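S.K.: Mind folding the following:
(chains A and B)
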Amino acid sequence: MKSTARRRLPNRGRQLAIACTLLLLGAGMLALRADATEAAAGLRTVDGDVQALKKELVDLNRDLFRLEEELLYPASTQVAVFLSVNVGTFFALDSVQLKVDGKEVANYLYTEREVEALHRGGVQKLYLGNLKAGEHELVAVFTGKGPHDRDYRRGTTVKFEKAVGAKYVELRITDRDAALQPEFAVRQWD
Amino acid sequence: MSTSFLRRRWSRVVVTACASLYGFAAVAASQPPSDLPPPSKIRDLDYGDVLFHFFQDDYFDALVRLEVAQQLGRVPDHQSEAALLAGGLYLSLGMHQEATRRFERLLAGPVPRSVADRALFYLARIQYQRGYLDEAGRSLARIQGALPGELESERRLLSANVLMARGDYAAAAAALEGWDEAGGWANYARFNLGVALVRSGESPRGRQLLETVGTMDARSEERLALRDRANLALGFALLQERQPDAAAVALSRVRLDGPFTNRALLGLGWAEADAARPQRALVPWLELRERPVVDAAVQESLLAVPFAYAKLASNGQAAEQYRHAVSAYAAEARRLDESITAIRGGGFLDAVLEATPGGADGKDSVSWLWELQRAPDAPHTRYLYQLLASHEFQEGLKNYRDLRIMQGNLTRWSGSLEAFDEMVAARERLGEVRGARKAEFMAATDVEALQQRRDDVEVRAARIFAERDVTGLATPAESEHWQALGQLATRVEALPAGAQRDALEERIRLLRGSLQWQLDAAYKLRSSRLRAELSAVDRALAETRQRLGQIEQASDFAPRNNEEFARRVDELADRMARLQPRVDAAAAAQERLLASIAVRELEAQKARLASYATQAQFALAALYDGAAAGGAR
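M.R.: Now for the predicted structure:
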C-alpha cells in the first residue's frame, strides 16, 4: 500500500507543477467566470460614468477658478508675480521673500519637488494681488544653496507702473549674467 | 536620469508587475505623460504655471489651469503644445475618451510635425490599451519622425506590443532585432515577446529571449525586477517542458528578497523534485512554508513539503506536515471568512484608502498603489495586494479614489462659493453707498461753469495780447497805483494854471512813465505765464472731465458686473448641487462592484484552499492506509 501512496503523490505533484506553470504564464485568464464577466461589464459602465463625471468636474473647476480670479483680482487692479529658474548648474532654491510697497506679500519655502519642477521649466505664480494704478516698488530676496554647498542670498528692487490692465512681473533666477552665480533678472509683462 | 524619475518608473513597474503578475510586463501600457518634454523656453507665463503643477504630478490642478489659460487666450505662443498637454493630462486622469477627442482634434488641425507625432503616439497607446489593435497600428504608422527622449523607445516597445497582440510574433521579433538602448525598454519588449512565444508554442525562441533578459546586467531595482520576472517565466516554461535542471538554474537567479521570490522558491522545489532530488526540493519549500500563508505559493508549499517527505519515505513527517497543512488551510479559510464579512459590511474601500499614506489626497498618483501592498493585516485590507493583481480591481480602485477626491473638491468649492456669494452681496451694498456719495459729488461739481470761467479769461487774454495792453497784465498793486495816478492827474488838471500845477503834472507824468516802463518790461514774461496757465487749466479740465466720465462709467458698470457675478455664482452652485449626488452615487456603485469582485476573488481563494485541504486529507488518508496495510502485513 505504501507504493499506492507513492504512485498517487507524483501525479499530484505533476498536477501542481502544471497548475503552477499555467498560473504563472497567464492561465489565470482561463479562470474567468460568468460573474466575473458581469462584474467587469459593470466596472466598464461605472468607468464610463466616472469619466463623464470627471470631465464635468474639470469644467466646473475651470469655471470656478475663473470666477474666483475675476471676482477677487479684477484685471483693472490685478498684479501677478511669477518666479522661474534658469540656471546652468543645479541651484537648490530654499526660499523667496517678496515685498510690495514695503509690505511683505509672500514668504515661500520650497520643497524638493517644487525646485525640480522649476528647474524643468515650470513657472510658479508666486503672488497674485490687487494694486491701484500708478507706480509701485517690488523687493524680492531669494536664498538657496549653489554648487559646492555654497549659500546664496540675493535680492532685487524693481519699480513698476501699474496701468489699467493686468500686470505680470517675472522674477527669473539666472546665472547667465554674473560669473555663473545665481542672480535675479526681472521682466515686466503687460 | 534623475533619482526621482527612476523611483517613479520603478514604482510604476512594481505596480504593473503586481497587477499583471501572470502576464506581460506592462510597462508601456500605463503611464501619465510626464515624459512630455517642456518647451525649451516659456513664452507665456500662464503655460509655465501649468507646467509647474504638471511637473509635480499634480495633474488635476495643471489641467484646470490649462483649461482656464486656453479659454482666456493666455497661451498664444504654446497653442499646439498646450493642446497636446491637455490630451495627455486627460489621459493621465483616466479620461481616455476625452483624451482621444483632444488628440484627434489636434491632429485634424494645422500642427507642427513633432507635436502631431507625439499626439499619434499617445493616441496609439490608448487604442492599444482599449484593444483597438488595427487603429493603434495605423496611428503608429503615421508617426513620421523620431520622438524625443525616451518616447522613441516607448514607441518601439508599443509597436512590438501591438504586433505581439495581433499574433505577429515574427514581425515583433524582427522589430526587436539589434535594438539595444540604455533605457532598458528593449528588454521589456524581449520579455513580453518571450512570454508570448512560449504561450504560443514557439518555446525555444521564447526561452532564448527570456534567457537574454534573465542574464542581463542589472543594477537598478527596475531592471533587477524585470530580470527576476524573466527568470521566473523561463524557469516555469522549462519546468513545463520537463527540463528541471535548466529550470533550477533559471529559478536560482531570482533574488531572495524580491516580489517574485515565493514563486521562484516554489518552482525551484518542483524542479528539484522533478529531477528526483526530493531532499534538495525541501530546502526552498521549507523556507517558503515559514512565510505568511496568504500567498498562493506558500499555500502550495504546505502540500509540497509533505510530498517531498513522502518521496523520501519519511511518512511520519509527511503525515505531520499534511496535518499542519490542513490546520493552516482551515485557519486561513477563517481569516478569509472574516475578510469577506468585513467587506460585505461596507466601508471596505475607505479602509483601503486610509491604509495608504497620502493615498486619499489626490497627490502622487503613481506611488499610492505601490504603497497599498503594505496595507495592514486587518480584515478589510489583508488580501488587498492579491486583489490588486486583477487589472479590473486596480482600475476600479483608482476610479473610487478619484471619486472620493472629487467629493472633497466639491466640498471645498462649496465653501468658497458661499464666500463668493457673500462677496457679491457686499459689493452690491458697497455699490449702493458709493452710488449715493457719487450722486452727491456729481451734484456739487459744475464742470461747465468752470469751463465758462476759463473761456472768459481766454477772451480777456486775447484782447490784451491783441492790443498789447500791458496794464491788463498788471499785478493788483500795480493796477491800484495806475488808477491812483489817473485820479491824481484828473485832480491836478482841475487846479488853476501856474507853476505849481505844472510841477505836479510833471511829477505825475514821470511816475506814470516809470510804472508803464515797469509794466512793459514785465509784459513778455507775464503774457507767457498766462498762456501756460491757460494750458494748465485746459489739462486740468480735461482730466476732470475724464475722471467724471470714469466715475459715471464705473457706477453704471458695477451693478451689471455684480449681477453677472451673482448669476455665475448661482449657476455654478446649481451645477455643483447636481454633480454632488451623482458623484456620491457613482462612488457607492463603484464600491458595491469592487466589493463584489473582492468577495468573488476571496471566495475563489477559499475554494482553492478547500481543494488543497481535501488533497491534504486524501494524501493523509493514503499514508494512514499504507501504514495500516504495512502493519497488517
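
S.K.: Outline the domain layout of chain A.
M.R.: The record's domain parsing of chain A by automatic domain parsing lists A:2-70, A:74-189.

S.K.: Going by residue numbers, what spans are helices in chain A?
M.R.: Per DSSP state H, chain A carries helices over the ranges A:2-24, A:34-72, A:112-119.

S.K.: looking at those, which has the lowest confidence?
M.R.: With a mean of 41, helix A:2-24 has the lowest mean pLDDT of the helices of chain A.

S.K.: Check chain B for the residue nearest chain A and tell me.
M.R.: Residue nearest to chain A within chain B (Cβ to the nearest Cβ): residue B:48, separated by 2.6 Å. For glycine as for every other residue, the C-beta is placed from the backbone atoms N, C-alpha and C.

S.K.: how far away is that residue from residue A:185?
M.R.: 15 Å (Cβ to Cβ, to the nearest Å).

S.K.: cool, residue B:155 as well?
M.R.: Going from residue B:155 to residue A:185 by Cβ to Cβ gives 38 Å.

S.K.: Compare those two and say which is more crowded by neighbours.
M.R.: A direct count of neighbours by other Cβ atoms under 10 Å in any protein chain shown for residue B:155 and residue A:185 places residue B:155 higher, at 22 against 15.

S.K.: next SSE after the helix or strand containing the more buried one?
M.R.: Per DSSP states H and E: residue B:155 is located in helix B:151-165. The helix or strand immediately downstream of helix B:151-165 is helix B:169-176, counting by DSSP H and E.

S.K.: Now do the residue of chain A at minimum distance from chain B: how many residues are near it, please.
M.R.: The minimum distance from chain A to chain B, using Cβ to the nearest Cβ, falls at residue A:123 (2.6 Å). Number of residues near residue A:123 (other Cβ under 10 Å) recorded here: 24.

S.K.: residues contacting it?
M.R.: Counting by Cβ atoms under 8 Å, 6 or more residues apart in numbering or on different chains, residue A:123 touches A:82, A:83, A:84, A:170, B:42, B:45, B:47, B:48, B:49, B:51, B:52.

S.K.: These in strands, which ones?
M.R.: A:82, A:83, A:84, A:170 (DSSP state E).

S.K.: For the third one, name its beta-bridge partners.
M.R.: So that's residue A:84. Judged by DSSP bridges, the bridge partners of residue A:84 are residue A:172.

S.K.: per-residue confidence at it?
M.R.: Confidence score, pLDDT, at residue A:84: 94.

S.K.: List the residues that contact it.
M.R.: A:118, A:122, A:123, A:124, A:170, A:171, A:172, A:173, B:42, B:48.

S.K.: Among the residues you listed, which one lies nearest to residue B:546?
M.R.: residue A:170 (31.7 Å; Cβ to Cβ).

S.K.: Could you double-check that the closest one sits in contact with residue A:80?
M.R.: No - using Cβ atoms under 8 Å, residue A:170 is not in contact with residue A:80, being 9.3 Å away.

S.K.: So what does residue B:216 have for phi and psi?
M.R.: Main-chain dihedrals, residue B:216, degrees, to the nearest 10: phi -70, psi 160.

S.K.: hang on, it packs against residue B:186?
M.R.: No - the criterion here is Cβ under 8 Å, and residue B:216 misses it with residue B:186 at 9.9 Å.

S.K.: all helices for the stretch 451-600 of chain B, in order.
M.R.: Applying DSSP state H, counting those that start in this stretch to the stretch 451-600 of chain B gives helices spanning B:476-493, B:499-632.

S.K.: what about those helices, which gets the closest to residue B:449?
M.R.: helix B:499-632 (11.2 Å).

S.K.: you'd agree residue B:86 is up against residue B:67?
M.R.: Yes - with contacts defined as Cβ under 8 Å, residue B:86 counts as touching residue B:67 at a distance of 7.3 Å.

S.K.: For residue A:170 and residue A:80, list the residues in contact with both.
M.R.: In contact with both residue A:170 and residue A:80: residue B:45, using Cβ under 8 Å, 6+ apart.

S.K.: tell me the residue furthest from the middle of chain B?
M.R.: No residue in chain B sits farther from the centre than residue B:498, which is 112.1 Å out by Cα atoms, centre = their mean.

S.K.: What helices and strands are in contact with whichever helix or strand residue B:407 is part of?
M.R.: When elements are defined using DSSP H and E, residue B:407 is found to belong to helix B:391-444. Judged by 3 or more Cβ pairs under 8 Å, 6 or more residues apart in numbering or on different chains; DSSP states H and E, the packing partners of helix B:391-444 are helix A:34-72, helix B:3-19, helix B:348-354, helix B:367-371, helix B:499-632.

S.K.: Dump those into a markdown table; add mean neighbour count and distance to residue B:404 as well.
M.R.: Listed next are those as a markdown table, based on neighbours: other Cβ atoms under 10 Å in any protein chain shown; distance: least, Cβ to Cβ, whole Å:
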| stretch | mean neighbour count | distance to residue B:404 |
| --- | --- | --- |
| helix A:34-72 | 17 | 11 |
| helix B:3-19 | 18 | 19 |
| helix B:348-354 | 19 | 7 |
| helix B:367-371 | 20 | 12 |
| helix B:499-632 | 15 | 6 |
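
S.K.: Dump the ones you listed into a markdown table; add distance to residue B:393 as well.
M.R.: Listed next are the helices and strands packed on helix B:391-444 as a markdown table, based on distance: least, Cβ to Cβ, whole Å:
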| stretch | distance to residue B:393 |
| --- | --- |
| helix A:34-72 | 9 |
| helix B:3-19 | 9 |
| helix B:348-354 | 10 |
| helix B:367-371 | 11 |
| helix B:499-632 | 5 |
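
S.K.: Now do the same contact list for residue A:170.
M.R.: Contact analysis of residue A:170 by Cβ under 8 Å, 6+ apart lists A:81, A:82, A:83, A:84, A:123, A:186, A:187, A:188, A:189, B:45.

S.K.: Just among those residues, which is most surrounded?
M.R.: residue A:83 (27 neighbours).

S.K.: Was I right to think that one contacts residue A:115?
M.R.: No - checked against Cβ under 8 Å, the pair residue A:83 and residue A:115 is beyond contact range at 11.1 Å.

S.K.: Model confidence score at the residue of chain A closest to chain B, please.
M.R.: 96.

S.K.: same thing with residue B:570?
M.R.: So, for residue B:570, pLDDT stands at 95.

S.K.: cool, residue B:194 as well?
M.R.: 90.

S.K.: So it sits against residue B:233, correct?
M.R.: Yes - if you go by Cβ under 8 Å, residue B:194 and residue B:233 touch, sitting 6.9 Å apart.

S.K.: which residues do those two both contact?
M.R.: residue B:210.
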